[in-house]
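Colleague: give me the fold of what follows.
(2 chains)
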There are 2 protein chains.
Amino acid sequence: MQVATDTRERIIAAAKTRFHSRSYADVGIKEICDSAEIQKGSFYHFFPSKRDLMLAVIEDFAHEWADGFVAEAFDPALPPMERLEYMIDAAYFWQKSVKEVHGRMSGCLFGNLALELSTQDEILRAKLMAVFNQAKTRFQEALDEAVAIGAIEPLDSELTAEAMLAYLEGMILLAKAQNNPEVLYRLGPAIQSIRIEKAGH
Amino acid sequence: MQVATDTRERIIAAAKTRFHSRSYADVGIKEICDSAEIQKGSFYHFFPSKRDLMLAVIEDFAHEWADGFVAEAFDPALPPMERLEYMIDAAYFWQKSVKEVHGRMSGCLFGNLALELSTQDEILRAKLMAVFNQAKTRFQEALDEAVAIGAIEPLDSELTAEAMLAYLEGMILLAKAQNNPEVLYRLGPAIQSIRIEKAGH
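Modeller: Here you go, the predicted model:
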């Protein structure tokens, strides 16, 4: 059992960095097998298809973020609006460290895949949409709490959360196009200015 | 000469819709030649490489937008802040019409390619960055004019323009992940709330 778990994890680890730093289409199963030092037969034992591997990588990376930076940023001990700032900072420092090591900003894995695959694979699109919905919920909870304690004026927290997530993904996109994580540093604070009022207000 | 121009344009037309609705990696030169009804030798006469074709497609599409929706939206006859609204509306209706015809929102060609290729091809990345810089300039000019006529308070127009462009690209990304152009409709108006003050203010 241990060996099987190790093999599966080795495949996911080899695939994750490659999909993230290049693209889904650009990375083949053979390259992943070579890197994980396994045979193709063993690969297909764990993942019937490349799509199944991609689903596992998305799942794995979403958990890694949720348990790491996202949990730190959305720590209930922090004032709610500071959590948003922390989230942007985490994204900034993470992209900066990737660039320092690899010379290239890899951007957001979920954003990359959403633009590459949404027209081509309905199952992967739905999976990515679920990840974005989870992220949106974290933003929304912080906004609801900020309104409840009077830190900000009432607003449409669900729409504003979606707008903030759009802004975060857009900043990462422009930063990647410039290969410059400083875009996140200079544009990040403006996330706090985004506001969508409740309908009828 | 006319035949040569036609052939080149036929190749670009065949490539553009395919790259836009799928991805750079997913579309091969053979498929483009078949669709344009030309031989591979003829393709390489016009485009020494797939990258050269991609550069021509980006150029062509950037001109199409600049002369079309962008020129309409940033019409100097419109009040400056209404130009931003017009730009969002144009993106919304365009994505909506693509979805109605093809069943899928294809998103922004430049955003798609920036996330797919920025780590992999420095020349294509630089080309896409130039397109984003042109777009940013249009936003910035509108903001400068809005400040000049007193429609909005003074702000850092260059940074705010970049933030607004990030927001536009991020909205399109989330809309594509949901295959739902209505994301642009419901989040679009908040672009007006984005503000970055001048340093020291």
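Colleague: with adjacent residues omitted, what lies nearest to A:Val183?
Modeller: Take A:Val183 and drop its neighbours on the chain: the residue closest to it by C-beta to C-beta, 6 or more residues apart in numbering or on different chains is A:Ala175, 3.7 Å away. Bear in mind the C-beta positions are built from the backbone N, C-alpha and C, glycine included.
Colleague: what angle sits between the helix or strand containing that neighbour and helix B:157-178?
Modeller: A:Ala175 is part of helix A:157-178, with elements assigned from DSSP states H and E. Between helix A:157-178 and helix B:157-178, the angle comes out at 110 degrees (axes from the mean of the first three to the mean of the last three C-alpha atoms, to 10 degrees).
Colleague: before we move on, the earlier item: now do the contacts for the residue nearest to A:Val183.
Modeller: A:Gln95, A:Met105, A:Gly107, A:Pro181, A:Glu182, A:Val183, A:Leu184 (C-beta atoms under 8 Å, 6 or more residues apart in numbering or on different chains).
Colleague: low-scoring stretches of chain A, by residue?
Modeller: Scanning chain A for pLDDT under 70 picks out A:1-2, A:201.
Colleague: domain map for it?
Modeller: A:2-50, A:68-193 (automatic domain parsing).
Colleague: which part of chain A gets nearest to chain B, residue-wise?
Modeller: Proximity of chain A to chain B (C-beta to the nearest C-beta) peaks at A:Gly170, 2.7 Å away.
Colleague: any idea how far that residue is from A:Met164?
Modeller: Counting by C-beta to C-beta, to the nearest Å, the separation of A:Gly170 from A:Met164 is 11 Å.
Colleague: quick one, helices of chain A?
Modeller: A:2-21, A:29-36, A:40-46, A:50-67, A:69-73, A:80-102, A:109-117, A:122-148, A:157-178, A:182-187 (DSSP state H).
Colleague: tell me who's in contact with A:Leu113.
Modeller: A:Phe19, A:Tyr24, A:Met54, A:Ile58, A:Leu124, A:Leu128.
Colleague: any bit of stretch A:96-107 sitting next to chain B?
Modeller: Yes. Residues of stretch A:96-107 are located near chain B by C-beta under 8 Å from any C-beta of the partner chain, namely A:Arg104, A:Met105, A:Ser106, A:Gly107.
Colleague: quick one, what contacts the last one?
Modeller: For A:Gly107, the residues meeting the contact criterion (C-beta under 8 Å, 6+ apart) are A:Gln95, A:Ile172, A:Leu173, A:Ala175, A:Lys176, B:Leu115, B:Ser118, B:Thr119.
Colleague: closest to A:Ala36 among the residues you listed?
Modeller: For these, the residue nearest A:Ala36 by C-beta to C-beta is B:Thr119; the value is 21.2 Å.
Colleague: so what does that closest one have for phi and psi?
Modeller: phi -80, psi -10 (degrees, to the nearest 10).
Colleague: spit out the contact partners of A:Ala13.
Modeller: Counting by C-beta under 8 Å, 6+ apart, A:Ala13 makes contact with A:Ala36.
Colleague: do you know how far it is from A:Ala36?
Modeller: Separation of A:Ala13 from A:Ala36 (C-beta to C-beta): 8 Å.
Colleague: ok, now A:Leu78?
Modeller: From A:Leu78 across to A:Ala36, the span is 39 Å (C-beta to C-beta).
Colleague: re the thing from before, what residues does the spatially closest residue to the residue of chain A closest to chain B that is not a sequence neighbour make contact with?
Modeller: Nearest non-adjacent residue to A:Gly170, counting by C-beta to C-beta, 6+ apart: B:Gly170, 2.7 Å away. Neighbouring residues of B:Gly170 by C-beta under 8 Å, 6+ apart: A:Leu165, A:Ala166, A:Tyr167, A:Leu168, A:Glu169, A:Gly170, A:Met171, A:Leu173.
Colleague: I'd say A:Gln39 and A:Cys33 touch.
Modeller: Yes. A:Gln39 is within contact range of A:Cys33, at 6.8 Å (criterion: C-beta atoms under 8 Å).
Colleague: neighbour count: these two, which is higher?
Modeller: A:Cys33 (18 against 10; other C-beta atoms under 10 Å in any protein chain shown).
Colleague: what's near enough to touch the more buried one?
Modeller: Taking C-beta under 8 Å, 6+ apart, we find A:Cys33 in contact with A:Ile11, A:Gln39, A:Lys40, A:Ser42, A:Phe43.
Colleague: wait, what's in contact with A:Ser42?
Modeller: Contacts for A:Ser42 (C-beta under 8 Å, 6+ apart) come out as A:Thr7, A:Cys33.
Colleague: most widely separated two among the residues of stretch A:96-107 next to chain B?
Modeller: Greatest spacing in those, by C-beta to C-beta: A:Arg104 and A:Gly107 (9.3 Å).
Colleague: hmm, back to that, winner for burial among the domains of chain A?
Modeller: Ranked by mean neighbour count, the domains of chain A are led by domain A:68-193 with a mean of 20 (mean count of other C-beta atoms under 10 Å in any protein chain shown).
Colleague: starting at the chain centroid, how far to it?
Modeller: 8 Å (C-alpha atoms, centre = their mean, to the nearest Å).
Colleague: now the terminal residues of that domain, how far apart.
Modeller: Domain A:68-193 has an end-to-end distance of 26 Å (criterion: C-alpha to C-alpha, to the nearest Å).
Colleague: cool, and stretch A:65-85?
Modeller: First-to-last residue span, stretch A:65-85, C-alpha to C-alpha: 16 Å.
Colleague: what's in contact with it?
Modeller: Against stretch A:65-85 from outside (C-beta under 8 Å, 6+ apart): A:86-87, A:89-91, A:94, A:134-135, A:138-139, A:141-143, A:145-146, A:149, A:151-152, A:164, A:188-189, A:191-192.
Colleague: how about A:Ile149, phi and psi?
Modeller: Dihedral pair for A:Ile149: phi -90, psi 0, per degrees, to the nearest 10.
Colleague: now swap in the one 4 residues further on and tell me
Modeller: When quoted as degrees, to the nearest 10, the phi and psi of A:Glu153 stand at phi -70, psi 150.
Colleague: please apply the same query to A:Asn180.
Modeller: A:Asn180 adopts backbone torsions of phi -140, psi 100, taken as degrees, to the nearest 10.
Colleague: surely it meets A:Lys96?
Modeller: No. Counting by C-beta under 8 Å, A:Asn180 stays clear of A:Lys96, with 9.7 Å between them.
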